[in-house]
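*Asks:* give the three-dimensional model of this entry:
(chains A and B)
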Amino acid sequence: MSTSNPSFRGFEAVIGIEVHVQLKTDSKIFSADATTFDSADNENTSPVSVGMPGTLPVLNKKAIEYAIKTGLALGCNVRKKSVFSRKNYFYPDLPKGYQISQYDEPICEKGSIQFEVEGKSKTVGITRAHLEEDAGKSTHFGQYTLINYNRAGIPLLEIVSEPEIHSPAEAAEYCRSIRSIVRYLEVCDGNLEEGSLRCDCNVSVRKVGETKFGTKVELKNINSFRFVEKAVEYEIHRQIDAIENKEKIVQETRLYDPDKNRTFTMRTKEDAQDYRYFPDPDLLPIIVTDAQLSQIKKELPELPLIRAARFVKDMQLSTHDAHLLTEERDLADYFEATGKACNNSKAAANWIITELLRELNDAKLSVSQSKVNAKNLADLIAEVDKGTISGKIAKTVFKEMWDSGSTPADIIKTKGLVQVSDPGEIEKIVADVLAANPDQVAEFKAGKDKVLGFFVGAIMKASKGKANPGLVNEILMKKLKE
Amino acid sequence: MSDSKFNKDVIQKIANLARLQLTPEQANEFSEQLSKIILHFDEISSINTEGVEPLITPSEIEYTLREDSVKQNFHAEEMVANAPDKQGNLFKVPPVV
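*Replies:* Predicted coordinates for the structure are as follows:
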């Protein structure tokens, strides 16, 4: 049944992932406290979010909207009626002694997500996506613990996958795709370092061919996609080592330590938690109407995978380039604007991927902060297409645009970079170069084609790179054959 | 049957989950009382409820929503004012790890 899954030393990995998505609302899910990340200690709190007796939760409209939006984008069924439940446990970062979450009637369920891994298409089922409130933040100091409730009550959408992920690369790509979608939908900023997207991976292994699941271990505290891949990879091999050494895998939660690239025990789950879920009597069921659903459906943006397919089909981009350009909505918008303005999408894709992304990465900037805007890049491509400058000179112009923020037209003019396409002028340069190098001319006549490169180089140098390369080749051949 | 459901171990487990400490006498007493309650629920469970939706709320009132707007009614100093222990504006609690 799973013969196509990658094998690790004769074992198969079974991975399910829970992604906690912090919804980008201004206020919390059940109170009007702010959700800003960098507020002073406990400044974003109120009697509701610190769980004072007698307070009541009032649901945030936007949190519901964002949950439905995400559910629809993941192809989920959205329940007409979903219920908030209390998940009961004692921990100081949870002031009420229970977390308001959803249990047997979550708002979204039974969806799927598709993405590319190493050139192959992969589909992973989404079991459910439910709304809940975030907990506070504890900082431990040995003798005591300090609690900040600014985060308590920030809306979370917990997206739970089916255990259909079978390699570290698939795990990382799954998480990347979830992030890409929630950012396209503008329901989450996707910042892993600030914890607005948290990926917990449930990993187990079993002998290839075995149908029963192995004991699963939950990996937490993974704050980059690269670490998702590394942590899962480490954990797969740790479990296989244990099994081969006849040790028992313990069901537990492990933390990933990126510095040591290993996972270590946080807590065992031997005494299975009993959360005693029950419907929260403080909140009425959420009712979603057909009208609301179709309205939100109408507002959904074109999603990355569909957009990439369109780029491949309509603009003849390679699948790889199309996926690269659609990972972020801003980048895809930038690409489309550039391609449209210069009427050359292929060139736009090449410029963005090879030049722009390199500069952006080096400067650690996002595309919206780019020093070269779409209009200017389109103008540059148009100058090449018109023959005003060569492709090679265009790279110099691009660098100058990035450094100075000037338009390509200004740079070409002030630096005198206009391409020489006057045959008379080029003929003169070619003649000079040939006259200066009689030995190489003789070699060519003796049948050594390789010296052509030498001539082209010398001619381009003599023209300061401005000679039209097509014309140079043509005139050079003509002259050599005279 | 219900007696065995609420033997001392079960009572102890429930007490632990609720962070309650019970004396053996209390455990016995509650075991009897809770068993009676559960017996009563067993009786209710014997009613045929096929085709009846589980009741989440007895009233048919519409749920209410808030617009997503921020209001600050309290500052951190006020929120931690009644805390048994604090450090700056953070709540201070016994060690949990």
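*Asks:* centre of the chain versus the longest strand along chain B, how much separation?
*Replies:* Longest strand of chain B, by residue count under DSSP state E: strand B:90-93. Mean C-alpha position of strand B:90-93 versus that of the full chain (Cα atoms, centre = their mean, to the nearest Å) differs by 23 Å.
*Asks:* that strand - what's its average pLDDT?
*Replies:* For strand B:90-93, mean pLDDT rounds to 96.
*Asks:* for the nearest residue to B:Leu22 once chain neighbours are set aside, what is the enclosing helix or strand?
*Replies:* In this structure, B:Leu22 finds its nearest non-sequential neighbour in B:Ala15, 4.9 Å apart by Cβ to Cβ, 6 or more residues apart in numbering or on different chains. (Glycine included, C-beta is placed from N, CA and C.) Here B:Ala15, judged by DSSP states H and E, is contained in helix B:8-17.
*Asks:* by contact count, what packs against that helix?
*Replies:* Helix B:8-17 makes packing contacts with helix B:24-45 when contacts are defined by 3 or more Cβ pairs under 8 Å, 6 or more residues apart in numbering or on different chains; DSSP states H and E.
*Asks:* what's the angle from the helix it packs on to helix B:8-17?
*Replies:* 100 degrees (axes from the mean of the first three to the mean of the last three Cα atoms, to 10 degrees).
*Asks:* just the buried residues of the helix holding B:Ala15, please?
*Replies:* For helix B:8-17, the buried set under the neighbour-count rule, 16 or more other Cβ atoms under 10 Å in any protein chain shown, comprises B:11, B:14.
*Asks:* and stretch A:207-223, by the same measure?
*Replies:* Result for stretch A:207-223 [16+ other Cβ under 10 Å]: buried residues A:214, A:216-223.
*Asks:* give me the lowest-pLDDT entry from those.
*Replies:* A:Asn221 (83).
*Asks:* can you tell me how far that one sits from chain B?
*Replies:* Distance from A:Asn221 to chain B, counting by Cβ to the nearest Cβ, to the nearest Å: 13 Å.
*Asks:* quick one: contacts for that residue?
*Replies:* Residues in contact with A:Asn221 (Cβ atoms under 8 Å, 6 or more residues apart in numbering or on different chains) are A:255-256, A:266.
*Asks:* go on, A:Glu247?
*Replies:* Contacts of A:Glu247 (Cβ under 8 Å, 6+ apart): none.
*Asks:* the residue nearest to B:Leu22 and B:Ala27 touch, don't they?
*Replies:* Yes - between B:Ala15 and B:Ala27 there is a contact at 7.5 Å, judged by Cβ atoms under 8 Å.
*Asks:* flag the shaky bits of chain B, pLDDT-wise.
*Replies:* Scanning chain B for pLDDT under 70 picks out the ranges B:1-5, B:97.
*Asks:* which residue of it lies farthest from its centroid?
*Replies:* No residue in chain B sits farther from the centre than B:Gly88, which is 31.3 Å out by Cα atoms, centre = their mean.
*Asks:* would you agree it is in contact with A:Thr139?
*Replies:* No - counting by Cβ under 8 Å, B:Gly88 does not reach A:Thr139; the two are 11.6 Å apart.
*Asks:* tell me the buried residues in the host helix or strand of A:Glu425?
*Replies:* Assessed by DSSP H and E, A:Glu425 sits inside helix A:423-436. By neighbour count on 16+ other Cβ under 10 Å, the buried set for helix A:423-436 is A:426, A:429-430, A:433-434.
*Asks:* ok, those vs chain B, which is closest?
*Replies:* A:Ile426 (65.5 Å; Cβ to the nearest Cβ).
*Asks:* now the angle between helix A:423-436 and the following helix or strand past the helix holding A:Glu425, please.
*Replies:* The helix or strand immediately downstream of helix A:423-436 is helix A:438-445, counting by DSSP H and E. Between helix A:438-445 and helix A:423-436, the angle comes out at 100 degrees (the same axes, to 10 degrees).
*Asks:* who does helix A:438-445 touch, helix- and strand-wise?
*Replies:* helix A:451-462, helix A:469-480.
*Asks:* would TSV of these with mean pLDDT and distance to chain B be doable?
*Replies:* TSV is the format used below for the helices and strands packed on helix A:438-445 (pLDDT from 0 to 100; distance: least, Cβ to the nearest Cβ, whole Å):
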stretch	mean pLDDT	distance to chain B
helix A:451-462	86	61
helix A:469-480	84	58
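*Asks:* in stretch A:122-131, which residues are buried?
*Replies:* Buried residues in stretch A:122-131, defined by neighbour count with 16+ other Cβ under 10 Å: A:122, A:124-131.
*Asks:* any chance of the residues you listed in CSV, plus pLDDT?
*Replies:* Shown next, in CSV, are the buried residues of stretch A:122-131 (pLDDT from 0 to 100):
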residue, pLDDT
A:Lys122, 95
A:Val124, 98
A:Gly125, 98
A:Ile126, 98
A:Thr127, 98
A:Arg128, 98
A:Ala129, 98
A:His130, 98
A:Leu131, 98
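*Asks:* looking at those, spot the one nearest chain B.
*Replies:* A:Leu131 (12.8 Å).
*Asks:* looking at this, that closest one is in a strand?
*Replies:* Yes - note on A:Leu131: a strand contains this position according to DSSP: H, G, I helix; E, B strand; the rest coil.
*Asks:* with adjacent residues omitted, what lies nearest to it?
*Replies:* A:Ala67 (5.2 Å).
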